[in-house]
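Asks: Predicted model follows, preceded by the sequence.
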Amino acid sequence: MRLTHFGHSCVLVELNGSTILFDPGTFSHGFEGITGLDAIMITHQHPDHADQSRLPKLVAANPGAALYSDPQTADQLGGDWKAVRPGQQFHIGDVQVTGTGGMHAVIHPDIPLIDNTAYLLGDTDNPARFMHPGDSLFVPDEKVDVLALPAAAPWLKISEAIDFLRAVAPRVAVPIHQAIIADDATGLFYGRYSEMAPEGSEFRTLPSETSVEV
């Protein structure tokens, strides 16, 4: 598996011969020129995960890409976007995709909850080789190999992120959703995740816009 991080929650996953791009949002950059995608997947409707001003050009540049999102975002985008609900399973080439989770984490009790589809990518031997949780701390039943870990968010305390990392206990965790903190402050968060990861889990940062094997 190869991962490329385009900032915040936008991650390109190359797995089993397929290329899948997650959450091209307003805080992410460098994904605009990508072509040859097999799928684009969006976890939820917030602009930092789905930049509706740049999505049409990205979709037009990738006419062969299957388009998937949570149900509410699929309704908003229309066209060829397909809704993915918890428990739904399908394939992108030789990659098995499982929708899970279902709801965005609580930002504040006065703010209505919205859909958030977390995605598991894998195969029959391991259906959770990669997990993108979007804005949620949903712990799947499957054993996750590589976890995209929300590092900082308005809905997230660092203790909650550490507990999520420990509950999932992946082989490797890579940080996402970091654009809301200053670059100079990332070490404060990343240091804790590295120090407090469960035994057997490696916390690893990804260089910007560089493909890395994990």
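Replies: Ah, there it is. Numbering: from 1, shown residues only.

Asks: so what's residue 32 closest to, chain neighbours aside?
Replies: Once flanking residues are discounted, residue 32 sits nearest to residue 54: 6.3 Å by CB to CB, 6 or more residues apart in numbering. The C-beta positions use only the backbone N, C-alpha and C, and glycine is treated the same way.

Asks: ugh, typo on my part, it should be residue 89
Replies: Leaving aside its chain neighbours, residue 89 sits nearest to residue 98 (5.0 Å; criterion: CB to CB, 6+ apart).

Asks: Assumed the one you found was part of a helix.
Replies: No: under DSSP: H, G, I helix; E, B strand; the rest coil, residue 98 sits outside any helix and is assigned strand.

Asks: Would you confirm that it contacts residue 85?
Replies: No: counting by CB atoms under 8 Å, residue 98 stays clear of residue 85, with 10.8 Å between them.

Asks: Could you check which of the two is surrounded by more residues?
Replies: Counted by other CB atoms under 10 Å, residue 98 and residue 85 do not tie: residue 98 has more neighbours, with 20 against 12.

Asks: Tell me which residues touch the residue nearest in space to the middle of the chain, please.
Replies: The residue lying closest to the centre of the chain (CA atoms, centre = their mean) is residue 132, at 3.2 Å. Residue 132 sits next to 9, 11, 22, 23, 41, 43, 118, 119, 121, 148, 176 when contact means CB atoms under 8 Å, 6 or more residues apart in numbering.
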